[in-house]
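3D, please:
(one chain, ligands or ions: 1)
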Amino acid sequence: MKQSSSNPKEKFKYYGTPGKDFARFDVNSPLPKEIEPTRRYEAEVGLLALPTLSIFSFFDWLFSKLGRFRTMTGPKLKTWMPSNLSRLRPDKFSDEYFVERRLNGFNPGKLNRVEGEEWQYAVNYHTGIYKAEPGGILPEYSEARFVLRDRTLQVHSIKYELKEQTITCFPTQDKQWEDAKYYFRSAEYVFQEIQSHLARTHMNMDQYAMAFYRNVSKNPIRELLYDHFEGLLSINKRGASLIIGNQGFIPEASALDPKSVDGVLIEELARLNYHWSPAIQELPDPIDNNHFDRAASAMWELLSRYVSEFFENNQPEIQTYWYEIEGMSADLMTHSISTSKEKFAINNQEDLQQLCVYIIYHCTFFHSWVNNKQYEDGGDIEYAAIGLWDEGDPNYNPKKVEKRHDAQVKLMWTLANVHYNPIIEYGPLPLRKLLWEYRDRIEPGIPLGWIMMSINI
Ligand SMILES: [Fe+2]
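Here you go, the predicted model:
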C-alpha cells in the first residue's frame, strides 16, 4: 500500500463547481504519481487489446514486413472477433433466453413487481426525454413484461413507443415480435452503459475515492479501502473522453446525442447515496434462475461480515483518527449533486461501516458484473446494438453504421476482458476466504475469478 503525499488536497482537485458538476477528479490535472497504473496493469490491458492491433506499432511493422497483416476492421471484423456468449447460443433469439438475460445479463436488477395487471414483473426504459440523432431509431419508451409461473418468469409482452406510435407485441407475432425484442435490447444497452456501468460504478465511486484520497491517511480504513480504489481515477481520466466525450463511444455508437448521454448520467447519479443495499431491489418471489439476486445478497452478506470484523479489530484507531472521517464526510456532502446531501454525511461508526460495505460492493462485485458481461451481450450486433439506424431515412449512411458496429464489438471485447486483480488471487486473505465460502451462491451468476478488487477498466 502506498502512502499519501503531505498535500493530498492540492493533488486531488475536484472538477467544476461543488454541488453543480457531479463530484469527480479533475481530469485536466495530472494523475498523482501514487495512483498511476502499475506495469502489470499496462501489460494486462495490452494483451487484451491485441485483437484491435492498430495500437501496437511494433506488430504493425512486423506483420507488414511479413506481408500478412491486415488491420482488423471492415465487413469481416464482426465475425473475426472472438465468439461472445450469444454467438455460442443457438437459442439466442428465443423467449427463454430473453428472460434469462433480463435476470442475469449485463444490466441486472431492473425488474419491478407490478400489481393489478396480467403480468407480475416489468422492466421499463424512459428514453423519450433524450434526443436521438437524425436517422437513429430509439423508442421513446420500452417496457418488457413478465408473468410468474411456478418459480419461473415468462415473457408476456413488450410495449414500446416509436415515432409517436404505441405498439404492444406478444410472443405470437413473428417479425414484429423479434423487432420489439431487438428495440428493447437496444434501449436497455444505452441505459446499461450510462446508468449501471458509468454512473453507478465509475462515477459514483469516483466521488468516494476523491473524499478518501483527500482526507484519509492515518485512519485504518485507508488499509481497508485503498486497494479497492486502485485504477479508478486513472481509468476515469482515460475513459472519460473515450466513452462519453463528444467523440466518445456512447454518443458515437448510440442514437443519443452527447448532451443526452450526460443527462442520463447526471440523473442517475443524483439518485444515488450510500444508504442502500441490494435487498431494496431484490425480487420478492423465488425464481429458480434468478442468479443475480442470490449472488448480490451473498456478496453483501460476506462484505458486511468482512467489514464488521475489520472494525472490531481496529476500533481504537478508527476513533483516534475520526477527524479524517469528518473531513471525508464534509467533502462528500459539499460536492454531492444529490438533492438530499445529508445522506452523504458520515455521522458515526455505523454510517462508516455501511459506507465501506457499499464502496467495496460496487468496486468489486457490481462493477465486475456490469463490466465483465459487456461482451456477452454487446459483442454480437445481430443480438444487440447500442445504436439502431433507419435504413429508409435520408441520413442513413451504411459505411458509418458499419464503423459504429465495429467500434461496439472492439470496445466491448477490451473492456470486458481486462481482468486485473481478481479478489480470489490478489485480495486480502480474510476476504478471499469469505468469497470462497460463499462461492455456491455467487457462481451460478458470475465466475468467482471474474470478481475484481477494483474498477480499473
Ligand atoms: Fe468499467
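
mind listing the strands for the stretch 101-250 of the chain?
With strands called from DSSP state E, counting those that start in this stretch, the stretch 101-250 of the chain shows them at 112-113, 121-126, 136-137, 141-149, 152-162, 165-169.

Dump these into TSV; add distance to Q192 as well.
Every residue, glycine included, has its C-beta placed from N, CA and C. TSV is the format used below for the strands of the stretch 101-250 of the chain (distance: least, C-beta to C-beta, whole Å):
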stretch	distance to Q192
strand 112-113	16
strand 121-126	10
strand 136-137	17
strand 141-149	13
strand 152-162	17
strand 165-169	22
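
These: which one's closest to W177?
Taking C-beta to C-beta, strand 165-169 is the member of the strands of the stretch 101-250 of the chain nearest to W177, at 5.0 Å.

any chance you could map the strands in the stretch 251-400 of the chain?
In the stretch 251-400 of the chain, the strands defined using DSSP E, counting those that start in this stretch lie at 388-389.

Tell me which residues of the helix or strand harbouring L435 come out buried.
Per DSSP states H and E, L435 falls inside helix 429-437. Buried residues in helix 429-437, counting neighbours by 16 or more other C-beta atoms under 10 Å, are found at 431-432, 434-435.

which two in these are spaced the farthest apart?
Pairwise distances across the buried residues of helix 429-437 (C-beta to C-beta) peak at 7.4 Å, for the pair R432 and L434.

Now the element after the helix holding L435, going C-ward?
Next along from helix 429-437, by DSSP H and E: helix 439-442.

Y375: what's it in contact with?
84-85, 412-413, 415-417 (C-beta atoms under 8 Å, 6 or more residues apart in numbering).

which of the residues you listed tops the neighbour count?
Scoring the contacts of Y375 on neighbours with other C-beta atoms under 10 Å, the highest-scoring entry is M412 at 25 neighbours.

Return the distance of it relative to I235.
16 Å (C-beta to C-beta, to the nearest Å).

And for L302?
25 Å.

just for the protein, where's the confidence low?
Low-confidence segments of the chain (pLDDT under 70): 1-5, 48-75, 240-247.

Nearest residue to the middle of it?
In the chain, the residue lying closest to the centroid (C-alpha atoms, centre = their mean) is H197, at 1.9 Å.

Could you measure from it over to E324?
Using C-beta to C-beta, H197 is found at 31 Å from E324.

swap in S254?
Counting by C-beta to C-beta, the gap from S254 to E324 is 41 Å.

Of the two, give the one with the bigger neighbour count.
Neighbours were counted for S254 and for E324 using other C-beta under 10 Å; S254 has more, 27 against 19.

The more buried one touches W389, doesn't it?
No. Counting by C-beta atoms under 8 Å, S254 does not reach W389; the two are 10.5 Å apart.

what do these two both touch?
G136.

list the helices and strands the longest helix along the chain packs on?
In the chain, assigned by DSSP state H, the helix with the most residues is helix 291-320. On a contact count with 3 or more C-beta pairs under 8 Å, 6 or more residues apart in numbering; DSSP states H and E, helix 291-320 meets helix 95-104, helix 221-225, helix 349-361, helix 429-437, helix 439-442.

Against which helices or strands is the shortest one packed?
It stands for helix 439-442. Counting by 3+ C-beta pairs under 8 Å, 6+ apart, the packing neighbours recorded for helix 439-442 are helix 291-320.

Now for W276: which residues touch it?
Y358.

Hmm, I typed the wrong one, I wanted D377.
Applying C-beta under 8 Å, 6+ apart, the residues contacting D377 are 84-86, 101, 105-107, 185, 189, 192, 383-384.

Go again with 6 Å.
105-106, 384 (C-beta atoms under 6 Å, 6 or more residues apart in numbering).

what does K341 give?
M333.

repeat for Q165
Q165 neighbours (C-beta under 6 Å, 6+ apart): none.

Distance of it relative to L256?
Taken as C-beta to C-beta, the span from Q165 to L256 is 20 Å.

again with E391
19 Å.

ok now do the closest residue to W177 other than its chain neighbours, which residues does it touch?
Spatial nearest neighbour of W177, excluding adjacent residues (C-beta to C-beta, 6 or more residues apart in numbering): C169 at 5.0 Å. With contact taken as C-beta under 6 Å, 6+ apart, C169 is in contact with 158, 176-177, 180.

Leaving out sequence neighbours, find the closest residue to E326.
I346 (7.7 Å).

Next, count neighbours for that neighbour.
Here the number of neighbours of I346 (other C-beta under 10 Å) works out to 22.

Kindly report the same for the one 5 residues further on.
A count of nearby residues for D351, using other C-beta under 10 Å, gives 17.

now swap in I325 and tell me
The number of residues packed around I325, counting by other C-beta under 10 Å, is 23.

residues in contact with Y438?
Shown in contact with Y438 (C-beta under 6 Å, 6+ apart): 298, 302.

I'd like the distance between it and I346.
From Y438 over to I346 the distance is 27 Å, taken as C-beta to C-beta.

Could you do S94 as well?
48 Å.

Could you do L435 as well?
On the measure of C-beta to C-beta, L435 and I346 end up 26 Å apart.

tell me, how many neighbours does P90 end up with?
8.

tell me the SS of it?
coil (DSSP: H, G, I helix; E, B strand; the rest coil).

N236 touches M205, doesn't it?
No. Judged on C-beta atoms under 6 Å, N236 makes no contact with M205 at a distance of 8.9 Å.

ok, now which ones touch Y361?
Contacts of Y361 by C-beta under 6 Å, 6+ apart are L303.

measure stretch 419-435 end to end?
17 Å (C-alpha to C-alpha, to the nearest Å).
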